[in-house]
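*Asks:* need coordinates for the below:
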Amino acid sequence: MGLCLATFPTLARAAPEERVARGMRSLQMQGCVTCHSLDGSVSAGPSFAGRFGELVEVRSEGALRQVRFDRAYLERSLRAPNADVAAGFAPDVMPRFALTAEQTEAIATALASLRHPPPPPCSPLSPFAVIGAVVVLLGGLYLWRRKLSRARSQA
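*Replies:* Residues are numbered from 1 along each chain as shown. All right, here's what the predicted structure looks like:
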């Protein structure tokens, strides 16, 4: 069941960037980013980065299950935070929120704009590590070849 932005005239008239900005401000003002990161790092709660629209694992009434992290899940989590607790996180930590539909939609828009965090950059190999690896490799080849020639001479 989709949500028509025309239901929320103020939000519907805003440009996409403004809707995202409103959502980000709501995340800040409500204190969401105190426990949920926007960059993929783990905190008291799961990160918001790249989760919107994805299947996420939650614990519901003691059983693990997967749910789609969408506007409905967001709204349910705000109103009844212990209904579906993100797997690996403790219940009774997140408070209840009574947000307007416009605030919830703005937050959903902001969360949908967040992408998965980029993988950590690869650190270049130091020249000493490369030289060490080459020395070990050549030393091993030398010893193997020496052992092989001894075996041939004894045969």
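*Asks:* read off the pLDDT value for Ala6.
*Replies:* The model reports Ala6 with a pLDDT of 40.
*Asks:* go on, Pro124?
*Replies:* You'll see Pro124 listed with a pLDDT of 67.
*Asks:* swap in Pro117?
*Replies:* Looking at Pro117, its pLDDT is 65.
*Asks:* just the helices in this structure please.
*Replies:* Assigned by DSSP state H, the helices in the chain fall at 9-13, 16-29, 32-35, 71-79, 101-113, 127-154.
*Asks:* export these to TSV and tack on distance to Ala44 and mean neighbour count?
*Replies:* To be clear about C-beta, it is placed using only N, CA and C from the backbone, and glycine gets the same treatment. Listed next are those as TSV, based on distance: least, Cβ to Cβ, whole Å; neighbours: other Cβ atoms under 10 Å:
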stretch	distance to Ala44	mean neighbour count
helix 9-13	29	13
helix 16-29	15	16
helix 32-35	4	15
helix 71-79	14	17
helix 101-113	17	21
helix 127-154	38	10
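*Asks:* distance to Pro46 added to these, as JSON lines?
*Replies:* Formatted as JSON lines, the helices of the chain follow (distance: least, Cβ to Cβ, whole Å):
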{"stretch": "helix 9-13", "distance to Pro46": "26"}
{"stretch": "helix 16-29", "distance to Pro46": "14"}
{"stretch": "helix 32-35", "distance to Pro46": "9"}
{"stretch": "helix 71-79", "distance to Pro46": "11"}
{"stretch": "helix 101-113", "distance to Pro46": "12"}
{"stretch": "helix 127-154", "distance to Pro46": "36"}
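*Asks:* ok, which of the ones you listed comes nearest Arg51?
*Replies:* helix 101-113 (7.3 Å; Cβ to Cβ).
*Asks:* what about the closest one, distance to the chain center?
*Replies:* When distances are taken as Cα atoms, centre = their mean, to the nearest Å, helix 101-113 is centred 17 Å away from the chain's centroid.
*Asks:* quickly note the distance from Cys32 to Gly53.
*Replies:* From Cys32 over to Gly53 the distance is 18 Å, taken as Cβ to Cβ, to the nearest Å.
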